[in-house]
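> task: produce atomic coordinates for the following.
(one chain, ligands or ions: 2)
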Amino acid sequence: MTALPGHNALYLPTECEILSVTDLTPAEKLFRVRGTDRTPLGHLPGQFVQVSLLGWGEAPISVASSPTRDGYFELGVRRAGTLTGVMHELKAGDTFGIRGPFGRPFDLSQLRGRDLLLISGGCGLAPLRSLIQYCEDRPDEFGTISILYGAKNPQSRLFKEDLTLWEASARFACSLTVDSVSGGDCFSGSVGLITALIPPLTFDPENTRAVVVGPPAMYRSVIEELEKKGLSSDRIIVSLERQMRCGVGKCGHCTIEHLYCCQDGPVFRLDEIEHLRGAL
Ligand SMILES: Cc1cc2nc3c(=O)[nH]c(=O)nc-3n(C[C@H](O)[C@H](O)[C@H](O)COP(=O)(O)OP(=O)(O)OC[C@H]3O[C@@H](n4cnc5c(N)ncnc54)[C@H](O)[C@@H]3O)c2cc1C
Ligand code: FES
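Numbering: from 1, shown residues only. Ligands and ions are numbered 1, 2, ... in the order given. Okay, here's the model as predicted:
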């Protein structure tokens with residue numbers, strides 16, 4: 001594997017070193033990483049990298065940290081199959097390859113100066129965490145910021161330490177929910193679907209932008225609730241997941257009709273994709 005100057009190579013992985021590995025849940029780990037040549041990744045919130053393990057292939061993983069945090073970037077990885085299983089065996093000091101950053105990021109020019117509703121479910125918090133950290137580090141650039149997060153149960157919540165800090169922070173209004181709790185769980189948020197968190201919100205639909213990232217089942221119902229509150233589809237931003245190979249618009253694995261999710265997305269304004277079959 002070649003260590004390249006910079007991380008701009010489209011096809012050739014750049015070598016990265018793992019600085020630390022933290023358990024997020026029994027199934028998810030957070031990898032803090034930097035290029036072995038110490039060159040910044042150069043990403044924006046919403047972008048992803050292709051993680052490359054020699055002999056095991058590649059997997060697209062969202063960058064979970066903000067570019068405003070210097071000296072490293074972070075990847076929250078769920079053990080889903082072959083490559084992510086091997087990745088979960090890696091330790092601090094081990095190396096792997098990345099290509100990227102790839103994909104269209106959240107359009108910060110559309111978000112600056114607006115009130116933000118940042119809504120995520122499950123693993124969707126990973127790309128949104130990059131944006132949340134960005135907002136945390138540039139507080140003057142945005143209006144009010146509401147974070148809505150839903151998970152299956154208290155144990156499966158990602159980034160629990162961050163959630164605690166965001167709940168305590170005056171900068172954010174944080175609403176958390178889980179589908180269910182069992183006897184021994186200690187959880188102070190609500191129990192129920194994430195859609196139930198939207199009706200009680202009060203916001204100005206003209207000046208608000210919603211960003212929604214989560215499992216496929218979440219989008220329709222969340223969007224329906226947002227639309228009931230007067231938010232039009234040009235003010236709703238989504239990030240979509242598709243199976244990917246090249247990450248750079250060449251192989252066609254990630255298409256949504258005429259769009260390449262890897263290049264035209266993964267971030268889309270809802271009005272750009274709501275009419276496309278199978279998009280949501
Ligand atoms: C833009 C983007 C960002 C992503 N960000 C993250 C992230 O931050 N953290 C994270 O843990 N995962 C993320 N994923 C999903 C991740 O890429 C897959 O879980 C991974 O490719 C599985 O690889 P594997 O070799 O471990 O599993 P495999 O052995 O290839 O497959 C395991 C199972 O996962 C399915 N699968 C493979 N790729 C995908 C995919 N892209 N979407 C849904 N199912 C898939 C396979 O069909 C199979 O059923 C992202 C995917 C995309 C497209
Ligand atoms: S992943 Fe190859 S075209 Fe998108």
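
> which SSE is residue 200 in?
Residue 200 belongs to no helix or strand when assigned by DSSP states H and E.

> ditto for residue 162
Here residue 162 is assigned to helix 160-168, by DSSP H and E.

> just give me the neighbour total for the closest residue to ligand 2 within the stretch 51-200 of the chain.
The stretch 51-200 of the chain approaches ligand 2 most closely through residue 60 (7.8 Å), counting by Cβ to the nearest ligand atom. Bear in mind the C-beta positions are built from the backbone N, C-alpha and C, glycine included. By other Cβ atoms under 10 Å, 22 other residues sit near residue 60.

> quote the end-to-end distance of stretch 161-177.
Stretch 161-177 has an end-to-end distance of 16 Å (Cα to Cα, to the nearest Å).

> near ligand 1, which residues of this protein are found?
Counting by Cβ under 6 Å from any ligand atom, the chain comes close to ligand 1 at 48, 59-62, 76-78, 80-85, 123, 126, 241-244, 266.

> list buried residues within those residues.
Buried by 16 or more other Cβ atoms under 10 Å: 48, 59-62, 76-78, 83-84, 123, 126, 241-242, 244, 266, out of the residues of the chain next to ligand 1.

> out of those, which are inside helices?
The helices, defined by DSSP state H, take in 83, 84, 126 from these.

> of these, closest to residue 99?
residue 83 (13.5 Å; Cβ to Cβ).

> for residue 164, see how far away that closest one is.
Per Cβ to Cβ, to the nearest Å, residue 83 is found 31 Å from residue 164.

> could you point out the longest strand of the protein?
In the chain, assigned by DSSP state E, the strand with the most residues is strand 14-23.

> can you list contacts of stretch 47-61?
Contacts to stretch 47-61, defined as Cβ atoms under 8 Å, 6 or more residues apart in numbering, come from residues 1, 13, 41, 43, 62-63, 75-77, 82-84, 86-87, 96-105, 127, 244-245, 247, 262, 266.

> can you narrow those residues to ones near ligand 2?
Okay, of those touching ligand 2 (Cβ under 6 Å from any ligand atom), that's 244, 245, 247, 262.

> and the buried ones among those residues, selectable in PyMOL?
The PyMOL command for the buried members of those (criterion: 16+ other Cβ under 10 Å) is given here:
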select buried, resi 244+247+262
